[in-house]
Structures are given as C-alpha cells and as structure tokens.
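**Student:** What follows is a predicted structure for the sequence shown.
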Amino acid sequence: MKFSTECNKCHGGTNNPNGPCTCAKRFEELDYFPLSKRGQDWVKFSGVVERHIEEYTVPQYGDKGEDIASEYTAESCINQVKKYAARFGKNSRPGQERLDLLKMAHYVQMAFEALENTENDSETR
C-alpha cells in the first residue's frame, strides 16, 4: 500500500514500530483505486488485528506451524468464534470484549485459510 509523504513523517509508514499506519492520510495517494469508507475501516481494523496477532497471540502461543491452532479445521475455528461470541458482553474484565473481537477476527481468518486449503486439496485429487 502506498503511503502519503506526510503519513510517512508522522507514522513511519510500513516501518512503524507500533504497527501499520491507520490514519486517514494513508488513503490519500492510493494509486490503484480509491477505497470506500468501508474499505478504509477494514484496513484500519486489519492493522489492529495484525498488532493483536504479533503482540499477543504469537508471543503467547507460538507462530503458525508451532501452535496447536495450526492443526485446526475451518469448523474448529468457527467453534472458537462461537465461544467468544457467546461470552461477549458477559465478562466483567475491562477490555475483554475488545480482545474477544480481535480473537474472533483472527479465528475467522484461520477458518477462511483452512477452508481454502481443504478446497485446494480436493481440487488436486
């Protein structure tokens, strides 16, 4: 993704130690197409999820191929999403709802990847 000069100055662009830039300036110089507001929201959210994975999930459980979740099927991942969704709004710990949403997003991504791998495996048979 292309960053504006101003964004590179204030946020460090892709080399930002705090994760990817999520400021609106990021979208000023897109050279392939302008993003909708929904698209911009998604890019911002995906940056937050990426930081969650890098700063919470990988240090705690290990990286892909090293953790137990690497063996999960799409269905297993969706079951994890359901677990976190069911407890949403019922936890008294501050910040837990936000953390659970990030976990759900990551599990949805893993379910998507597992499904794609399953579909690709069945196509090659």
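**Tutor:** Yes, it's here.

**Student:** Who are the contact partners of the residue most central in space within the chain?
**Tutor:** The geometric centre of the chain, computed from its C-alpha atoms, lies nearest to Val49 (Cα atoms, centre = their mean), at 3.5 Å. Residues in contact with Val49 (Cβ atoms under 8 Å, 6 or more residues apart in numbering) are Leu102, Ala105, His106, Gln109. For glycine as for every other residue, the C-beta is placed from the backbone atoms N, C-alpha and C.

**Student:** how about a cut-off of 7 Å?
**Tutor:** Leu102, Ala105, His106 (Cβ atoms under 7 Å, 6 or more residues apart in numbering).

**Student:** got it, and Val48?
**Tutor:** Contacts of Val48 by Cβ under 7 Å, 6+ apart are Leu102.

**Student:** Quick check: buried residues in the host helix or strand of it?
**Tutor:** Per DSSP states H and E: Val48 is located in helix 37-52. Burial within helix 37-52, assessed by neighbour count using 16 or more other Cβ atoms under 10 Å, is assigned to Gln40, Val43, Lys44, Gly47, Val48, Val49, His52.

**Student:** how about the helices in the protein?
**Tutor:** For the chain, the helices defined by DSSP state H occupy 5-11, 37-52, 58-61, 74-87, 96-123.

**Student:** so which of those comes closest to Asp67?
**Tutor:** Closest to Asp67 of those, according to Cβ to Cβ: helix 58-61, at 4.4 Å.

**Student:** Now do the closest one, average pLDDT.
**Tutor:** Helix 58-61 carries an average pLDDT of 96.

**Student:** and stretch 68-78, C-alpha only, in PDB?
**Tutor:** C-alpha atoms of stretch 68-78 as PDB (Å, rounded to 0.1, in the frame of the first residue of the first chain):
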ATOM      1  CA  ILE A  68      -2.000 -26.100  18.200                       C
ATOM      2  CA  ALA A  69      -4.300 -23.800  16.100                       C
ATOM      3  CA  SER A  70      -2.200 -24.700  13.100                       C
ATOM      4  CA  GLU A  71      -4.000 -28.100  13.100                       C
ATOM      5  CA  TYR A  72      -7.500 -26.600  13.400                       C
ATOM      6  CA  THR A  73     -10.100 -27.200  10.700                       C
ATOM      7  CA  ALA A  74     -12.400 -24.500   9.500                       C
ATOM      8  CA  GLU A  75     -15.100 -25.900  11.700                       C
ATOM      9  CA  SER A  76     -12.800 -25.900  14.800                       C
ATOM     10  CA  CYS A  77     -12.000 -22.200  14.100                       C
ATOM     11  CA  ILE A  78     -15.700 -21.400  13.800                       C
END
